[in-house]
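# mind folding the following:
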Amino acid sequence: MFSYNVKPCLTKEEAKKAFDEVFKFECYVFYRHANIALLIENSKDLCSNDFEFDNEEVYVIDKNYKWTYMKTHEESFGPYYLYR
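Numbering: from 1, shown residues only. Take a look at the predicted model:
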């Protein structure tokens with residue numbers, strides 16, 4: 001969806017900045033190869049750097065589906081940020 005421009009979104013540093021600045025109250029976090037999703041409550045301090053530690057694909061989604069932040073496993077793509 002993101003890398004094929006199906007939905008217009010922010011990319012690279014703009015995506016990181018938008019994610020870092022958006023108000024976060026509760027959000028879901030899940031990884032591509034994991035069979036679980038985490039609900040992070042009181043997630044106001046969550047930032048893009050929290051997901052830079054590995055080459056795994058991670059999705060962070062607002063509990064009310066207002067925005068999505070996605071970090072790919074490939075360094076040449078993303079991250080992506082979509083605000084609905």
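
# element containing L39, please.
Here L39, judged by DSSP states H and E, is contained in strand 38-41.

# that strand: how far from the chain's middle?
Strand 38-41 sits 13 Å away from the centroid of its parent chain (CA atoms, centre = their mean, to the nearest Å).

# quick one: buried residues of that strand?
Buried residues in strand 38-41, counting neighbours by 16 or more other CB atoms under 10 Å, are found at I40. All C-beta atoms are positioned from the backbone trio N, CA, C, and that covers glycine.

# got a list of contacts for the helix or strand following that strand?
Note on strand 38-41: by DSSP H and E, the next helix or strand toward the C-terminus is strand 58-62. Here strand 58-62 makes contact (CB atoms under 8 Å, 6 or more residues apart in numbering) with 19, 22, 24, 26-32, 46, 51, 67-71.

# give the contact list for the closest residue to K24 other than its chain neighbours.
Take K24 and drop its neighbours on the chain: the residue closest to it by CB to CB, 6 or more residues apart in numbering is S43, 4.3 Å away. Contact partners of S43, counting by CB under 8 Å, 6+ apart, are 24-27.

# in CSV: the residues you listed, plus secondary structure and neighbour count.
Shown next, in CSV, are the contacts of S43 (DSSP: H, G, I helix; E, B strand; the rest coil; neighbours: other CB atoms under 10 Å):
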residue, secondary structure, neighbour count
K24, coil, 20
F25, coil, 12
E26, strand, 13
C27, strand, 22
